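**Q** Okay, here's the prediction I keep looking at, along with the sequence it came from:
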Amino acid sequence: MPSQVAASRTFSFMNDDTDSVEASDEHVQRNRVGPKKPSGACVDCKSVKVRCEFVPGEKKCRRCQTKNLPCHPRERKKRKPADTHEQLQERSHEQDLYIQSLLGQYDQRCNEQKVNQWVSKASFNDNSECNPSSQHLNWMHKGKAPESAVISYFSSGMLPFIPPPIVKHCGLYPEDILELFDIYFNQVNPYFSLLDQNYHKPEKLLWDSPFLFTVICAVASRYYTARPNLYSLAMEFARDCAGKGLVEGDRSVEVCQAYLILAVYPVPKKRWAEDRSWLLMGVAIRMAIELGLNQPPPAHLDIREALNRTRTWLNCYCVDGSHAIQFGKLPMLHLDDYIARNSRNWYKTSPLNSPYDVHLCGYVQMIIHMAQWREYMKEDVTSPGHQPDEVIAAAIRTQAILAHEMDLWATAYAEEYMIMPMPICSYRGNTTQMITAYLKLVVLLVGFQKARIEDLRPDSEILIKSIEAARAVIRITLELMYPTGFLRYAMDATFLYVSFAGAFLINLFRPRFIHLLDDTTQNDIIVTVSRLISVLGSDDVALDGRHTPALYSRFLSSLMNKHGLVNNHNSHLRHQSRSSSSSFDSSQNRQVSPPDGFYWPDVHHDNSSGSHTPDLPGSFGYQERSHGVIDMDFSLSHFIKTVTSHQPISPPPSEDVQGFNESWQLWKSPDIQPMAWSQPVSVSGWSP
């Protein structure tokens, strides 16, 4: 009985709960089915910011009824679905492309303005009337611009391409390009044998390396007599290509060669500080290392391409070594370079070797000997245990090694000349002999610098050999190189070497040294240097007043005037202020430098300083600041600084000689001291 009651109660409770749930569902359904009051005010009431007032039983509010407007609430705007990650990336990429196109248009406009300035400047300076040639007229009659003519002439079935800007803006037709390439390989490449005429053809470089194509045309335009004012405009495009190459990071053997050519044949600047040849040289050498040119070429390469790689690296090695010698800086490349050490017989490796390769190999060996001499001088500075006599003896031994090396290569040059008797090869052989004599002079002057003035005698070996080396440099230049007619196309370094030798001989006429020279030697020096001045300034060598030999001719002439050295028309020699005293003559009797002259400043002592720290280990002509030692810097780097400091390398064509010489007045100010050598800035990864 109790169990039935409990069951009844439980059942009754469950029924009550079910009924309440059903009632709740019915209430919800009634609410859904019933009229739904609009949420918020209608559109018209919302516009005046009032609430809707509804009349019972009406679907419209009073305002809508009065105005007879539909009464419905403002619909909520549909929310736009969020963009996916892929859509955002695509939109960002489109924006980047659009920004890049705008920047490209801006750069293009800036470039066009820059080019227009170059062209207008070149047109302003070009006062000569240059009539178009018959070939140009033929292209013009066909209605073809230079770039169209170049495309149709050099395309040879290849895909269409855009010629370099130098073609359009310099107006280079195919005949001009062929002529410029002929000029380069006949008048430039023989002196800096970097390229192969059978490998570097215009139709190849137009497609593969527009940069190198531009550089070849620009450098060759210096000697293009048909268009004498083309050079300045063409070099602007070459420099512009060099800057773009640095920004874009293009790397190839041809790009490396282009930078190397620009480093060796730079645009003359008004001041030495503006010259950037060292920067271009560093870029070329760094790129050559990254391209692996300092390693043997891969076996799968074509023979000409393999020779091209090795030739480029050997030229990098020579340019680096020559730059280190000239400026007293550490070279970028190591002494134990594999390609350089094994290059003695490289010119015999293939029948496709250039006839100029034998001279390149000879020069490499000379640079190696100079690197060994640099290592010796580095040890002398870092551990100053060598006595002056030891340095002098080492200098004499090194110059003997250079002379013996030159004798070996003279035989090799003669053998190659018998195989291919080209006049330019004979000239290159003489150039190597001149450079060897110059290197001997550089080494001997280090020993001469170490000698004490009281120990020097007219029969001192170091003095005799130094004079012989300097006279050999000038003699080879005047008697063997100048008569060939090739000297006018030589590199600027050639004129630097011979001028350095002439300046050394002139400075021996200082009162402290003149007692070391007998009358015959003095007369021979005056005659030799006077003839050198005449040759460097002649029309056969100097292209114009801006050309490097003209600059050095004026320098040597003024230096002779400073010492009162003249060579009259009858070749009777006289020294206007000769003194046999070994001491420095500061009296009024000593002839003063002319107002427009040049001079080689002395190295002044600083008595307040108890010691002197060497600026550069291994530099040629390091100055020992101790009592009794020659206090004049005979080093090549000091000579370069003397010639180039505070003066324009090449005056503009509108400036006359007087205006050119006015810039040299800064040297005569007593407030300006001779420039001291500075420590070399070691670039990470470049210096050994």
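**A** Nice, I can see it.

**Q** now the helices for the stretch 151-300 of the chain?
**A** Residue ranges of the helices in the stretch 151-300 of the chain, as given by DSSP state H, counting those that start in this stretch, are 165-169, 174-187, 202-208, 210-220, 230-248, 253-264, 277-290.

**Q** which residues of this protein score low on pLDDT?
**A** 1-39, 115-144, 156-160, 268-275, 380-386, 567-688 (pLDDT under 70).

**Q** In it, what residue spans correspond to strands?
**A** 565-567, 573-575 (DSSP state E).

**Q** out of the helices of the stretch 151-300 of the chain, deepest packed?
**A** With neighbours taken as mean count of other CB atoms under 10 Å, the helices of the stretch 151-300 of the chain reach their highest mean count in helix 210-220, at a mean of 26. All C-beta spots, glycine's among them, are computed from the backbone N, C-alpha and C.

**Q** For that one, name the packing helices and strands.
**A** helix 165-169, helix 174-187, helix 202-208, helix 230-248, helix 253-264 (3 or more CB pairs under 8 Å, 6 or more residues apart in numbering; DSSP states H and E).

**Q** at 7 Å what do you get?
**A** helix 174-187, helix 202-208, helix 230-248, helix 253-264 (3 or more CB pairs under 7 Å, 6 or more residues apart in numbering; DSSP states H and E).

**Q** Phe486 is nearest to which of those helices?
**A** helix 174-187 (8.3 Å; CB to CB).

**Q** neighbouring contacts of the closest one?
**A** Under the contact criterion CB atoms under 7 Å, 6 or more residues apart in numbering, helix 174-187 has outside partners 133, 135, 149-150, 153-154, 197, 202, 216-217, 219-221, 223-224, 489.

**Q** wait, which of these is closest to Ile325?
**A** Tyr489 (22.8 Å).

**Q** Can you tell me how far the nearest residue to the closest one once chain neighbours are set aside is from Phe504?
**A** Nearest residue to Tyr489, sequence neighbours excluded (CB to CB, 6 or more residues apart in numbering): Gln187, at 4.5 Å. According to CB to CB, to the nearest Å, Gln187 and Phe504 sit 30 Å apart.

**Q** Helices of the stretch 401-550 of the chain, residue ranges please.
**A** Using DSSP H, counting those that start in this stretch, helices in the stretch 401-550 of the chain cover 423-450, 461-475, 492-507, 519-536, 548-562.

**Q** Nearest approach to His85 belongs to which of the ones you listed?
**A** helix 492-507 (60.8 Å).

**Q** Which neighbouring elements make contact with that closest one?
**A** helix 423-450, helix 461-475, helix 519-536, helix 548-562, helix 636-644.

**Q** And those helices: which comes nearest Arg239?
**A** With CB to CB, the closest approach to Arg239 among the helices and strands packed on helix 492-507 belongs to helix 548-562: 18.8 Å.

**Q** So which other helices or strands are in contact with the closest one?
**A** Checked by 3+ CB pairs under 7 Å, 6+ apart, helix 548-562 has helix 492-507, helix 519-536 packed alongside it.

**Q** Would you work out how far apart the start and end of stretch 320-338 are?
**A** 15 Å (CA to CA, to the nearest Å).

**Q** quick one: buried residues of it?
**A** Buried residues in stretch 320-338, defined by neighbour count with 16 or more other CB atoms under 10 Å: 320-333, 335, 337.

**Q** Let me know the closest of those residues to Gly104.
**A** Closest to Gly104 out of the buried residues of stretch 320-338 is Met332 (36.0 Å), distances taken as CB to CB.

**Q** doesn't Asp320 make contact with the closest one?
**A** Yes: contact criterion CB atoms under 7 Å: Met332 and Asp320 qualify, at 5.2 Å.

**Q** Now for those two: what residues contact both?
**A** Here Met332 and Asp320 have Ile285 as joint contacts, going by CB under 7 Å, 6+ apart.

**Q** now, of the helices and strands packed on helix 548-562, which is deepest in the fold?
**A** For the helices and strands packed on helix 548-562, where neighbours mean mean count of other CB under 10 Å, the stretch averaging the most is helix 492-507, with a mean of 23.

**Q** Next, the angle from that one to helix 253-264.
**A** With axes from the mean of the first three to the mean of the last three CA atoms, to 10 degrees defining the directions, helix 492-507 sits at 30 degrees from helix 253-264.

**Q** And Ala412, how far from Met422?
**A** For Ala412, the distance to Met422 - CB to CB - is 15 Å.

**Q** between the two, who's got more neighbours?
**A** Higher neighbour count among Ala412 and Met422: Ala412, with 18 against 13, using other CB atoms under 10 Å.

**Q** now that one, nearest residue through space, not along the chain?
**A** The shortest distance from Ala412 to any non-neighbouring residue, by CB to CB, 6+ apart, is to Val358 (6.0 Å).

**Q** wait, doesn't Tyr417 sit right on Ser426?
**A** Yes: under the contact definition of CB under 7 Å, Tyr417 touches Ser426, with a separation of 6.3 Å.

**Q** Show me what stretch 252-270 is in contact with.
**A** Applying CB under 7 Å, 6+ apart, the external contacts of stretch 252-270 come out as 192, 194-195, 205, 208-209, 211-212, 215, 219, 235, 238-239, 242, 245, 275, 277, 280-281, 283-284, 287-288, 291, 308-309, 312, 315-316, 319, 491, 546, 648-650.

**Q** got it, and stretch 75-85?
**A** Contacts of stretch 75-85 (CB under 7 Å, 6+ apart): none.

**Q** what do you get for stretch 344-351?
**A** Here stretch 344-351 makes contact (CB under 7 Å, 6+ apart) with Ile303, Leu307, Thr310, Asn353, Asp357, Val358, Cys361, Gln365.

**Q** still on that earlier bit, mind putting the helices and strands packed on helix 210-220 into TSV with distance to Thr432?
**A** Listed next are those as TSV, based on distance: least, CB to CB, whole Å:
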stretch	distance to Thr432
helix 174-187	19
helix 202-208	29
helix 230-248	29
helix 253-264	17
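
**Q** Ile462 is nearest to which of these?
**A** Smallest distance to Ile462 across the helices and strands packed on helix 210-220 (CB to CB): 32.7 Å, for helix 253-264.

**Q** Need the CA coordinates for that closest one. PDB is fine.
**A** These are the backbone C-alpha positions of helix 253-264, laid out as PDB (Å, rounded to 0.1, in the frame of the first residue of the first chain):
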ATOM      1  CA  VAL A 253      83.400  38.300 -65.600                       C
ATOM      2  CA  GLU A 254      82.400  41.000 -68.100                       C
ATOM      3  CA  VAL A 255      81.200  43.300 -65.300                       C
ATOM      4  CA  CYS A 256      84.500  42.700 -63.400                       C
ATOM      5  CA  GLN A 257      86.400  43.600 -66.500                       C
ATOM      6  CA  ALA A 258      84.300  46.800 -67.000                       C
ATOM      7  CA  TYR A 259      85.100  48.000 -63.500                       C
ATOM      8  CA  LEU A 260      88.800  47.200 -64.000                       C
ATOM      9  CA  ILE A 261      88.900  49.200 -67.200                       C
ATOM     10  CA  LEU A 262      87.200  52.200 -65.500                       C
ATOM     11  CA  ALA A 263      89.800  52.000 -62.700                       C
ATOM     12  CA  VAL A 264      92.700  52.100 -65.100                       C
END
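
**Q** Next, the angle from that helix to helix 230-248.
**A** 130 degrees.

**Q** Now do helix 253-264 against helix 174-187, angle only.
**A** Using the same axes, to 10 degrees: helix 253-264 against helix 174-187 is 70 degrees.

**Q** Redo the helices of the stretch 151-300 of the chain as JSON lines? Include distance to Lys60.
**A** Output for those, formatted as JSON lines (distance: least, CB to CB, whole Å):
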{"stretch": "helix 165-169", "distance to Lys60": "76"}
{"stretch": "helix 174-187", "distance to Lys60": "88"}
{"stretch": "helix 202-208", "distance to Lys60": "81"}
{"stretch": "helix 210-220", "distance to Lys60": "79"}
{"stretch": "helix 230-248", "distance to Lys60": "72"}
{"stretch": "helix 253-264", "distance to Lys60": "82"}
{"stretch": "helix 277-290", "distance to Lys60": "84"}
